[in-house]
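Engineer: Requesting a structural model of the entry that follows:
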Amino acid sequence: MRTTAQILAIAALALNVGVRAEDPPRGEQLMFIQPEGWEVVYEEREDNLSTTEYVPPEQTEGLWHEMLTVQIMLEERDANPDLMLTRAVDYLSRRCESFDALPIQLAGVGKYPTLAVMTLCGLDTSSRLGEVSLLRAIAGEENFYLLQKAWRVAPFDVRQESPVDLESRKFWLGYLAYMRVCNPAKEDCLHLDTAENAAPAGSQ
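Structural biologist: Residues are numbered from 1 along each chain as shown. The predicted model follows:
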């Protein structure tokens with residue numbers, strides 16, 4: 001059952017990655033670093049929505065404990081990140097028997113409006129597992145971006161401490177915060193090109 005690929009599409013109705021890999025990057029793009037050893041297990045471009053999912057070695061699209069999802073809604077200009085992220089979170093909550101969402105403060109993470117949140121799903125009605133996610137929304141001038149790092153865990157009480165340890169959450173929040181949106185036409189991607197393994201989304 002496809003779930004992460006539907007998040008932005010649901011939000012739009014109320015909300016490697018981006019343009020196809022064979023297309024040269026044009027205009028605004030997400031500078032994305034693929035985690036070492038992680039593999040693409042799902043790619044789709046439907047209308048203006050692009051989705052790519054990554055998992056660590058020996059995990060699959062259906063059987064995973066960690067997943068990284070990058071979605072780009074192309075030509076979604078002047079999107080309200082608060083509204084879009086709220087709708088994405090609401091969609092995620094609908095498949096959980098217990099759910100909570102905690103806003104995360106981000107600072108110094110680029111010039112484009114951005115918001116982040118941690119979601120806690122005590123029991124996913126589809127997988128019958130718990131799920132913890134970090135989501136970051138970025139409203140570019142041309143496109144809208146949603147980054148999600150998810151963990152599947154044993155069912156848990158969302159009123160208690162997150163089952164994902166603090167160090168892991170801090171590491172992946174830092175990873176998501178490092179991603180940048182830029183536009184070669186404005187020459188604001190140059191300082192990002194030297195980052196190890198950095199590449200425009202869609203070029204993986």
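Engineer: going forward, measure contacts between C-alpha atoms and count neighbours the same way
Structural biologist: Will do.
Engineer: which residues in this structure form strands?
Structural biologist: Listed from the start of the chain, the chain has strands (DSSP state E) covering 29-33, 39-46, 49-55, 66-73, 99-104, 114-121, 130-139, 144-153, 180-182, 198-200.
Engineer: What would stretch 167-186 look like as PDB? C-alpha coordinates only.
Structural biologist: Presented in PDB, the C-alpha positions along stretch 167-186 are these (Å, rounded to 0.1, in the frame of the first residue of the first chain):
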ATOM      1  CA  GLU A 167      21.200  11.000  19.100                       C
ATOM      2  CA  SER A 168      19.600   9.300  16.100                       C
ATOM      3  CA  ARG A 169      16.900  12.000  15.900                       C
ATOM      4  CA  LYS A 170      19.500  14.800  16.200                       C
ATOM      5  CA  PHE A 171      21.700  13.200  13.500                       C
ATOM      6  CA  TRP A 172      18.900  12.900  11.000                       C
ATOM      7  CA  LEU A 173      17.400  16.300  11.800                       C
ATOM      8  CA  GLY A 174      20.800  17.700  11.000                       C
ATOM      9  CA  TYR A 175      20.900  15.800   7.800                       C
ATOM     10  CA  LEU A 176      17.500  17.100   6.700                       C
ATOM     11  CA  ALA A 177      18.400  20.600   7.800                       C
ATOM     12  CA  TYR A 178      21.600  20.500   5.600                       C
ATOM     13  CA  MET A 179      19.600  20.100   2.400                       C
ATOM     14  CA  ARG A 180      19.400  23.300   0.400                       C
ATOM     15  CA  VAL A 181      17.200  24.700  -2.400                       C
ATOM     16  CA  CYS A 182      19.100  26.700  -4.900                       C
ATOM     17  CA  ASN A 183      18.800  28.000  -8.500                       C
ATOM     18  CA  PRO A 184      21.800  28.000 -10.900                       C
ATOM     19  CA  ALA A 185      20.300  30.900 -12.700                       C
ATOM     20  CA  LYS A 186      20.900  33.000  -9.600                       C
END
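Engineer: just to revisit the earlier point, which among the strands of the chain is found nearest to Arg159?
Structural biologist: strand 99-104 (8.1 Å; C-alpha to C-alpha).
Engineer: Next, the angle from the closest one to strand 130-139.
Structural biologist: 40 degrees (axes from the mean of the first three to the mean of the last three C-alpha atoms, to 10 degrees).
Engineer: Packing partners of strand 99-104?
Structural biologist: Taking 3 or more C-alpha pairs under 8 Å, 6 or more residues apart in numbering; DSSP states H and E as contact, the helices and strands that strand 99-104 lies on are helix 81-93, strand 114-121.
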